[in-house]
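Enquirer: take a look and give me a structure for this.
(4 chains)
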There are 2 protein chains.
Amino acid sequence: MTVARTPTGAVPPRGRRAGRSAGDDREAAILATAERLLEQRSFGDISIDDLARGAGISRPTFYFYFPSKDAVLLTLLDRVTAEADSAGGDVLDRLAEDPRARWRELIGRFHATFGAHRAVVLACAQVRGTNAEVRRLWADVLERWVQAVQHAIEAERRRGAAPGGLPARDLSIALNSMNERVWYATFADDGPAVAERDVVDVLLDVWLTAIYRDTAPPPA
Amino acid sequence: MTVARTPTGAVPPRGRRAGRSAGDDREAAILATAERLLEQRSFGDISIDDLARGAGISRPTFYFYFPSKDAVLLTLLDRVTAEADSAGGDVLDRLAEDPRARWRELIGRFHATFGAHRAVVLACAQVRGTNAEVRRLWADVLERWVQAVQHAIEAERRRGAAPGGLPARDLSIALNSMNERVWYATFADDGPAVAERDVVDVLLDVWLTAIYRDTAPPPA
DNA sequence: GGGGACAGTCAACACCCTGTCGACTCCGCT
DNA sequence: AGCGGAGTCGACAGGGTGTTGACTGTCCCC
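Expert: Model prediction:
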């Protein structure tokens, strides 16, 4: 991971110019309120008035800081995104050392990172259907994971550790999609889910068999 | 498949009693309008007024037939659900004949069934986050697929065609989750997707390796 | 054939939420 | 003193939902 991120044009703080100012506190207060409320109610059940009140300002003033409710979520997502991008770290560069452990670490980090911002991620999943910007930003995050894994698979194949088969990109998409959906079911109580403590191991098992096509742990 | 469906309590036609009546036409008109409009705009962009006008009635009259916009979608989903439940057919009962072909058929039908009601399914995915009933109904559909596949995996293991490994249920959940998410990405333009014509084959490949843990086609 | 019962219909209302406008304050700077 | 911009909000316009109450037609039973 640690993939180059396309500059997201991350909702510039509309009004003010650079440097400290009272507005920075308000902006932070709005974001904090949003994150707090999202842990209690769904995104749709939070009104702009709620966010404004929570930050100690009136509703019109909210619009001074953000153009819409969605923009707040987008900013929140932007943080998670940044974290997710670095979460992979250089794990996949050191695959040859101990493939099983490295893949497990990767999947574990995926879950841990998103789990740490559970409320925000769930809200994004909810809004993704209606908001094109959130959809795009989310797709970008996924795309970077997909590419990182794709390259790792190709590297494993090159060094003879993994056999050929599906195009590495397709395989990577399928596996990452699985992880995303399983993560979602685990935290959103939406559909059949694997027990939370087993999630990583279940996914790992499918990953390893799909990539190495073998029951035995991949060769070191 | 052809699993026993829990009676869904499928939004009883509130007002009228049994037998033909003018209201049945209206109700059908509302549903038809909804399905038609969903192919053009997102669920959120369709107002109750749109549905009413489309069915040739006024907005208050709409409420005579459905308690809310969501209820319309729920009814639509109910149809898809019924279709999805029978889509599997007895495919999995005849696995021993030609496992690879049977599994492929199953995955293909999954895609075809949902693809045939693409607009409705996408709308449901969108609303799932906010509407508990849709979420539950959807979870039920998934649960039945998961169980059917789980039993098939167990049968394959019993007859010695597939080796043990993950609990069959966990494996089934993971694989079905993958299918759902990949389907979604394919049709919703949301995240990295596999080329549509390859989808079934990619998924099939992961399924077979995960279930049979072998590159070779499973023994007949 | 008069009268209840009920399907079916809608204008009008109450309500909530979003987004905007214009006027206001406060503060630093010149 | 007075200009300009950050920061603030009351009040409005607009669009959506859900409800009420009054109206029409029709069937059916006495």
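Enquirer: buried residues, the helix or strand where A:Asp205 lies. List them.
Expert: Using DSSP states H and E, A:Asp205 maps to helix A:199-212. For helix A:199-212, a neighbour-count test (16 or more other C-beta atoms under 10 Å in any protein chain shown) marks A:199-200, A:202-212 as buried. In this view, the C-beta of every residue, glycine as well, is placed from N, C-alpha and C.
Enquirer: can I get these in TSV with distance to A:Val134 and pLDDT?
Expert: Below are those laid out as TSV (distance: C-beta to C-beta, whole Å; pLDDT from 0 to 100):
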residue	distance to A:Val134	pLDDT
A:Val199	25	97
A:Val200	26	97
A:Val202	28	98
A:Leu203	25	98
A:Leu204	29	98
A:Asp205	32	96
A:Val206	28	97
A:Trp207	27	98
A:Leu208	32	96
A:Thr209	34	95
A:Ala210	29	96
A:Ile211	31	96
A:Tyr212	35	94
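Enquirer: would you list the residues you listed in JSON lines and tack on distance to A:Gly108?
Expert: Formatted as JSON lines, these follow (distance: C-beta to C-beta, whole Å):
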{"residue": "A:Val199", "distance to A:Gly108": "9"}
{"residue": "A:Val200", "distance to A:Gly108": "5"}
{"residue": "A:Val202", "distance to A:Gly108": "12"}
{"residue": "A:Leu203", "distance to A:Gly108": "9"}
{"residue": "A:Leu204", "distance to A:Gly108": "9"}
{"residue": "A:Asp205", "distance to A:Gly108": "14"}
{"residue": "A:Val206", "distance to A:Gly108": "15"}
{"residue": "A:Trp207", "distance to A:Gly108": "12"}
{"residue": "A:Leu208", "distance to A:Gly108": "14"}
{"residue": "A:Thr209", "distance to A:Gly108": "18"}
{"residue": "A:Ala210", "distance to A:Gly108": "18"}
{"residue": "A:Ile211", "distance to A:Gly108": "17"}
{"residue": "A:Tyr212", "distance to A:Gly108": "18"}
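Enquirer: kindly indicate which of these lies nearest DNA strand C.
Expert: A:Val199 (34.1 Å; C-beta to the nearest atom of the strand).
Enquirer: how about the contacts made by that closest one?
Expert: A:111, A:182-183, A:186 (C-beta atoms under 8 Å, 6 or more residues apart in numbering or on different chains).
Enquirer: rerun that using 7 Å as the cut-off
Expert: Counting by C-beta atoms under 7 Å, 6 or more residues apart in numbering or on different chains, A:Val199 touches A:111, A:182, A:186.
Enquirer: same thing with A:Val182?
Expert: The contact partners of A:Val182, by C-beta under 7 Å, 6+ apart, come to A:194, A:199, A:203, B:174, B:177.
Enquirer: reformat the residues you listed as JSON lines; add distance to A:Leu166.
Expert: As requested, the contacts of A:Val182 are exported to JSON lines (distance: C-beta to C-beta, whole Å):
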{"residue": "A:Val194", "distance to A:Leu166": "24"}
{"residue": "A:Val199", "distance to A:Leu166": "24"}
{"residue": "A:Leu203", "distance to A:Leu166": "17"}
{"residue": "B:Ala174", "distance to A:Leu166": "17"}
{"residue": "B:Ser177", "distance to A:Leu166": "18"}
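Enquirer: and which of those residues is nearest B:Glu83?
Expert: Distances from B:Glu83 to the contacts of A:Val182, taken as C-beta to C-beta, are shortest for B:Ser177 (20.8 Å).
Enquirer: surely that closest one is in contact with A:Glu180?
Expert: No: contact criterion C-beta atoms under 7 Å: B:Ser177 and A:Glu180 do not qualify, at 8.5 Å.
Enquirer: which one of these two has more residues nearby?
Expert: Between B:Ser177 and A:Glu180, counted using other C-beta atoms under 10 Å in any protein chain shown, B:Ser177 has the larger neighbour count: 27 against 24.
Enquirer: separation between that one and DNA strand D?
Expert: For B:Ser177, the distance to DNA strand D (C-beta to the nearest atom of the strand, to the nearest Å) stands at 31 Å.
Enquirer: what about that residue, distance to A:Ser68?
Expert: 32 Å (C-beta to C-beta, to the nearest Å).
Enquirer: now A:Gly44
Expert: For A:Gly44 relative to A:Ser68 (C-beta to C-beta), the value is 14 Å.
Enquirer: just A:Gly165 next, same as before
Expert: Applying C-beta to C-beta to A:Gly165 and A:Ser68 gives a distance of 45 Å.
Enquirer: and what of A:Ala119?
Expert: 19 Å.
Enquirer: the longest helix along chain A packs against which elements?
Expert: Determined from DSSP state H, the single longest helix within chain A is helix A:132-158. Contact here means 3 or more C-beta pairs under 7 Å, 6 or more residues apart in numbering or on different chains; DSSP states H and E; on that basis helix A:132-158 packs against helix A:69-87, helix A:118-127, helix A:168-188.
Enquirer: A:Pro163 against A:Arg213, yeah?
Expert: Yes: using C-beta under 7 Å, A:Pro163 is in contact with A:Arg213, at 5.5 Å.
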